[in-house]
Every structure is written in C-alpha cells, then in structure tokens.
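> give the three-dimensional model of this entry:
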Amino acid sequence: MTGARARTGWTIRQLPSGRWQAVIRDPTTGQRISLGTHPTDHAAEHACQAALVDQRRGAWTSPHHGQITLTDHLHS
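Presented below is the predicted three-dimensional model:
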C-alpha cells in the first residue's frame, strides 16, 4: 500500500521517510489537523479512528488547542 488513502473525515499517507502521517478534519473549524507520524499504516489508521470516536463522543480536542506561544505566555 503506497500513497494516500482517503476515508470520511481523515487521511493517512506515506511520507518519503517511510513513516505514515495521520490527518483528521476538525469538526468545529473544518481545518485539517495532523495527528503526527506513525511507523506503520495501521498505527496511523488507529490514531485516526481513535480521534474519530472521540469526536463522535464529544470528547475530542484539537491537539492545537491549548498551545500558547512563549511570547503570549510571558505577557500573560
């Protein structure tokens, strides 16, 4: 299996390094959010499925929420 595989709301693709990138769509903003890279396509698919289950339960939070820049932190 090579290249990208698209599923409803998420995608996994093989990078030139051989690792697999997992990407899911944020339901609130519609933006694509990377769930990181994984050693196998199965691990990437599992990450997407777990995030999708959390989204359906209402328990999912974007990994980018809560990130704050150092400048913002110093000025708060």
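> how many neighbours does residue 53 have?
11 (other CB atoms under 10 Å). Bear in mind the C-beta positions are built from the backbone N, C-alpha and C, glycine included.
> now for the host helix or strand of it, which elements pack on it?
Secondary structure from DSSP states H and E places residue 53 in helix 41-57. For helix 41-57, the elements it packs on are strand 10-14, strand 20-25, strand 32-38, judged by 3 or more CB pairs under 8 Å, 6 or more residues apart in numbering; DSSP states H and E.
> could you pull up the mean pLDDT of the longest one?
Looking at strand 32-38 alone, the average pLDDT works out to 91.
> what sits up against it?
11, 15, 17, 19-26, 44, 47-48, 51, 62-64 (CB atoms under 8 Å, 6 or more residues apart in numbering).
> just the second one next, same as before
With CB under 8 Å, 6+ apart as the test, strand 20-25 has contacts from 9-15, 31-41, 43-45, 47-48, 51-52, 55.
> okay, now the sheet partners of it, with direction.
strand 10-14 (antiparallel), strand 32-38 (antiparallel) (DSSP bridges).
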